[in-house]
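can you look at this prediction? I've put the sequence above it.
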Amino acid sequence: MSEETKERCCCPAEDRAGSSDNEKRLGWHEYFMSVAHLISRRATCSRGHIGAVIVRENNILSTGYNGAPSGLPHCNDGNCRIYKSIHPDGTVEENCVNTIHAEINAIAQAAKHGVSIRDSDIYITASPCIHCLKVLINVGIKTIYYDKPYKIEHIDELLRLSSIRLVQVTMAARPKE
Ligand SMILES: [Zn+2]
Ligand SMILES: [Zn+2]
């Protein structure tokens, strides 16, 4: 169809609107990752804003963002407290003492409300650190979808040894398996 023909299309306005809506419709991965990004805007640790969404059968079970435990002072009140730890490979890692990571907060929210998250998937705006990955394995998460890599080199071995899957979902593209 030429451009000229398109411009002269005589379809009812509703039909044209329908087809353009279909083109823009989000896939499930983009949908849940968009929600994770939105949730990350509630994060309070000044070192980074991360969001997490736990999903089973396209249904959101729980959400979390990184920040201080409920009722305690937030990092963005100027009290971010950094500690350093050394990995077995010699690399130095920095973390904030005050902060619970987003994926752990999503798990905590599920536990608090009695929601089973066994055999679910999680969408996180950044790949999990090794500490969170260990917990994700034990709560029965099947697939971790992440947007940005974060200390990803530290989790290679654990991923190899477990059956949990790690899949990158960038907002403008299909997941890379
Ligand atoms: Zn902090
Ligand atoms: Zn973590």
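Cool, the structure landed. This structure is a prediction, so every number in the text was calculated from the model and none was measured. Ligands and ions are numbered 1, 2, ... in the order given.

name the SS class of the closest residue to residue 113 other than its chain neighbours, please.
Excluding the flanking residues, the one nearest residue 113 by Cβ to Cβ, 6 or more residues apart in numbering is residue 62, at 7.7 Å. Any C-beta I mention is one placed from the backbone N, CA and C, and that applies to glycine too. Under DSSP: H, G, I helix; E, B strand; the rest coil, residue 62 falls in the strand class.

from what I can see residue 62 touches residue 116, true?
No: contact criterion Cβ atoms under 8 Å: residue 62 and residue 116 do not qualify, at 10.2 Å.

any common contacting residues for the two?
Counting by Cβ atoms under 8 Å, 6 or more residues apart in numbering, the shared contacts of residue 62 and residue 116 are residue 110.

these two: which has the busier surroundings?
With neighbours defined as other Cβ atoms under 10 Å, residue 62 and residue 116 compare such that residue 62 has more, 22 against 12.

per-residue confidence at the more buried one?
Looking at residue 62, its pLDDT is 98.

for it, list each beta-bridge partner.
Beta-bridge partners recorded for residue 62 (DSSP bridges): residue 54.

residues contacting it?
The neighbourhood of residue 62, defined by Cβ under 8 Å, 6+ apart, consists of 53-54, 106-107, 109-110, 113, 115, 117.

could you identify the most distant pair in these?
53 and 113 (14.9 Å; Cβ to Cβ).

the two - which one has more neighbours?
When neighbours are counted by other Cβ under 10 Å, residue 53 comes out ahead of the other of residue 53 and residue 113, with 28 against 9.

so that one sits against residue 121, correct?
No: between residue 53 and residue 121 there is no contact under Cβ under 8 Å: 9.1 Å.

does stretch 116-129 come close to ligand 2?
Yes: judged by Cβ under 5 Å from the ion, stretch 116-129 and ligand 2 are in contact via residue 129.

how far off centre is that stretch?
Using Cα atoms, centre = their mean, to the nearest Å, the mean C-alpha position of stretch 116-129 is found 7 Å from that of the whole chain.

give the buried residues for that stretch.
Across stretch 116-129, burial judged by 16 or more other Cβ atoms under 10 Å covers 117, 120-129.
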